[in-house]
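Asker: fold the following for me, if possible:
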Amino acid sequence: MPASGDLETFSIEEIDRAIAVNVRAGIVLARLLAPAMVRQKSGHLVFMSSIAGKLPTPGLTIYNAAKFAVRGFGLSLREELWGSGVGVSVICPAYVSEAGMWARTGLRAHPVAGEVTPAQVADAVWSAITKNRAEVDVAGVGMKAALFAQALAPGIVAAAGRRSADAIAREQGERQRDKR
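Answerer: Below is the predicted model:
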């Protein structure tokens, strides 16, 4: 669910709902499904994070926090279940065009960020499961370069993000406010 907008625009109830839907639901489902998979020594859990789980963005504090949490949980659970026969993967798409919460805003992503299609996300999920990949970024070259730069120079990338993403993130927050 969308959880975009400045922190001060969220009620406590909206924060709780965003965390419940975006983080807690996946953790609870994993808790309920993993034991049977481990007993069977087969299965695969896939967690849908986001590039927002890797790159902090102004105006998306709650969404970023949720997607960082999903990513951290999924990668940690992968290590916990290592050797059990159960795979765990985390998918991190950029802005998804054509369908879903980003597409419904009517906005276009910054050219560096780019957009991906639902089919690209589905292909990434298939690849993650069949190749037991820990993490799959679904993004264009510009975003992948930004992720690489983030690992090397997070301060520089944060400054660039402030300049390029601030206005669009705030507009996204306004357009998705009724979905909280």
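Asker: quick check: nearest residue in space to the residue nearest to the spatial centre of the chain, chain neighbours excluded?
Answerer: Central residue of the chain (C-alpha atoms, centre = their mean): S50, 1.9 Å from the mean position. Nearest non-adjacent residue to S50, counting by C-beta to C-beta, 6 or more residues apart in numbering: K67, 4.2 Å away. From N, CA and C alone the C-beta is placed, and that goes for glycine too.
Asker: coming back round to it: next, the residue nearest to the centre of the chain: phi, psi?
Answerer: phi -170, psi 160 (degrees, to the nearest 10).
Asker: worst-scoring helix or strand of the chain, pLDDT-wise?
Answerer: Within the chain, judged by mean pLDDT, DSSP states H and E, the helix or strand with the poorest mean is helix 100-103; its value is a mean of 62.
Asker: so for the helix or strand where C92 lies, what's the average pLDDT?
Answerer: Taking DSSP states H and E as the definition, one finds C92 inside strand 87-93. What strand 87-93 shows for mean pLDDT is 97.
Asker: relative to V38, how far out is M143?
Answerer: Separation of M143 from V38 (C-beta to C-beta, to the nearest Å): 35 Å.
Asker: looking at these two, which one has more neighbours?
Answerer: More crowded of M143 and V38, by other C-beta atoms under 10 Å: M143, with 25 against 14.
Asker: tell me the secondary structure for that one?
Answerer: The three-state assignment at M143 reads helix, by DSSP: H, G, I helix; E, B strand; the rest coil.
Asker: how about it: what's its closest non-neighbour residue?
Answerer: In this structure, M143 finds its nearest non-sequential neighbour in A94, 5.0 Å apart by C-beta to C-beta, 6+ apart.
Asker: R180 too?
Answerer: E14 (4.4 Å).
Asker: measure that neighbour to S4 for me?
Answerer: Look at E14 and S4: by C-beta to C-beta, they are 11 Å apart.
Asker: please say which of the two ends up with more neighbours.
Answerer: Comparing E14 with S4 by other C-beta under 10 Å, the one with more neighbours is S4, at 29 against 15.
Asker: S84 against V38, yeah?
Answerer: Yes: S84 lies in contact with V38 (C-beta atoms under 8 Å); the separation is 4.8 Å.
Asker: G74: what's it in contact with?
Answerer: G26, L45, F47, S49, V88, S89, V90, E135 (C-beta atoms under 8 Å, 6 or more residues apart in numbering).
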